[in-house]
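*Asks:* here is a sequence together with a model predicted from it:
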Amino acid sequence: MTIETGAQALAADVLKLVSKSKIITATRVATADSGDVIYAGVGFKPRAVICLAGAGGGNHHSASIGFGDENLAEGCLYHINDSAEWHTTTVFIYLGIVAGNSQSAVVKTLDADGFTLTWTESGTGTTYDGELVFLCLGQAGEL
């Protein structure tokens, strides 16, 4: 019998967490009002969700990489328009083309068949619809 310690124990925990996964996609309309949106069809209750999001056209673009977990801890790395910098924030998704105009979301709940995000529209939204890809991670044996 081997007792796992340190990095081995952490790796074993990570493998347990990601033993079930599902990718779902969605679109966030640029001018959609603030409020809750349910994302279903995952087939299990996620323990963590990763989101890759993008919006834009022509010379205008925005990208966001977000992470949220079962404790509702979240954060994202995002890029706005022609800025040469990436930024961090404490929301799950942030899409903005012009300063003051954005769509952002926080994880409200992780549900039996997906998750619920609370969206906030700021200013006039993002000008372009956002395309979202979610990687939902769960643990084997859980529904």
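*Replies:* Arrived safely, thanks for sending.
*Asks:* can you tell me how far residue 138 is from residue 130?
*Replies:* Plainly put, residue 138 is 25 Å away from residue 130 if you go by Cβ to Cβ, to the nearest Å. (C-beta placed from N, C-alpha, C; glycine too.)
*Asks:* no, scratch that, I was asking about residue 50
*Replies:* Distance of residue 50 to residue 130, given as Cβ to Cβ: 16 Å.
*Asks:* could I get the full set of strands for this structure?
*Replies:* Ranges of strands in the chain, per DSSP state E, are 20-28, 35-40, 48-57, 60-69, 74-80, 86-89, 93-98, 101-111, 114-122, 130-138.
*Asks:* may I see these arranged in JSON lines, with mean pLDDT as well?
*Replies:* Shown next, in JSON lines, are those (pLDDT from 0 to 100):
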{"stretch": "strand 20-28", "mean pLDDT": "96"}
{"stretch": "strand 35-40", "mean pLDDT": "98"}
{"stretch": "strand 48-57", "mean pLDDT": "92"}
{"stretch": "strand 60-69", "mean pLDDT": "91"}
{"stretch": "strand 74-80", "mean pLDDT": "91"}
{"stretch": "strand 86-89", "mean pLDDT": "85"}
{"stretch": "strand 93-98", "mean pLDDT": "85"}
{"stretch": "strand 101-111", "mean pLDDT": "93"}
{"stretch": "strand 114-122", "mean pLDDT": "95"}
{"stretch": "strand 130-138", "mean pLDDT": "96"}
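*Asks:* show me which of residue 50 and residue 130 is the more surrounded one.
*Replies:* Ranked by neighbour count (other Cβ atoms under 10 Å), residue 50 and residue 130 place residue 130 first, with 24 against 19.
*Asks:* show me what contacts the more buried one?
*Replies:* Shown in contact with residue 130 (Cβ atoms under 8 Å, 6 or more residues apart in numbering): 27, 28, 30, 53, 54, 55, 62, 93, 95, 103.
*Asks:* buried set for stretch 78-88?
*Replies:* 78, 79, 80 (16 or more other Cβ atoms under 10 Å).
*Asks:* thanks again, I'm all set now.
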